[in-house]
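*Asks:* okay, here's the prediction I keep looking at, along with the sequence it came from:
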Amino acid sequence: MTLENTTLRLPSKLRAIAEERAKAAGHTLAEELRGALESHYKMNATQISFEDLEARVRQHEAEFHGSAVPSQEHKEKEGRKNPQAKPALQKELPLTEKASHEREETRKILLGLKDLLESGVQPMPSDLEESLGMSSRLIGRRLGEVGIQAKNTRIRDKSGRYFLRSLLPLIEAALKELS
């Protein structure tokens, strides 16, 4: 079996060197690379077979990488000690003023939604917007952070996104978490 086609990825510097040498010799880049491979493996194009090439690669791996299993670094680099990554510190950070304000907004929205749902109303985000005096985008963002979303449904022949009564347990859990 003769190796006829292959793809090589070269670093830009090596490619520039190969292109320069090919241009100086009047060859194409492919011819120059083929010649470099032939001279490296001390063979000509008619003698290179897949088995021969594989044997040469395994020999190179054993010689330069220390085993027949491919590795990304040569032996010279293996002895170097790279700095160890420090584990992330897991400590409770004090709440910033902004985070504290966001928690209070979320709590206010959750309490307003809970009151509406307990009174028998299944509100749309626009209803919450009117009753709380906040934008529906802000309401949606804050509720989304605690895992609460309005559902597409039809109530009183009006389709829309409604906060349903089934969200009450989630709201109570979120309020407990914020406390």
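*Replies:* Arrived safely, thanks for sending. All figures in this text were calculated on a predicted structure; none of them were measured in a lab. Residues are numbered from 1 along each chain as shown.

*Asks:* you'd agree Asp127 is up against Leu116?
*Replies:* Yes. In this structure, Asp127 is within contact of Leu116 by Cβ atoms under 8 Å, at 7.3 Å. Placement of C-beta: from N, CA and C, glycine included.

*Asks:* this structure: strands as residue ranges?
*Replies:* Secondary structure of the chain (DSSP state E): strands at 151-155, 158-162.

*Asks:* make JSON lines out of these and add distance to Leu53 and mean pLDDT.
*Replies:* What follows is the strands of the chain, written out as JSON lines (distance: least, Cβ to Cβ, whole Å; pLDDT from 0 to 100):
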{"stretch": "strand 151-155", "distance to Leu53": "60", "mean pLDDT": "87"}
{"stretch": "strand 158-162", "distance to Leu53": "63", "mean pLDDT": "87"}
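
*Asks:* what's the closest of those to Arg142?
*Replies:* With Cβ to Cβ, the closest approach to Arg142 among the strands of the chain belongs to strand 158-162: 15.6 Å.

*Asks:* and the closest one, what does it pack against?
*Replies:* On a contact count with 3 or more Cβ pairs under 8 Å, 6 or more residues apart in numbering; DSSP states H and E, strand 158-162 meets strand 151-155.
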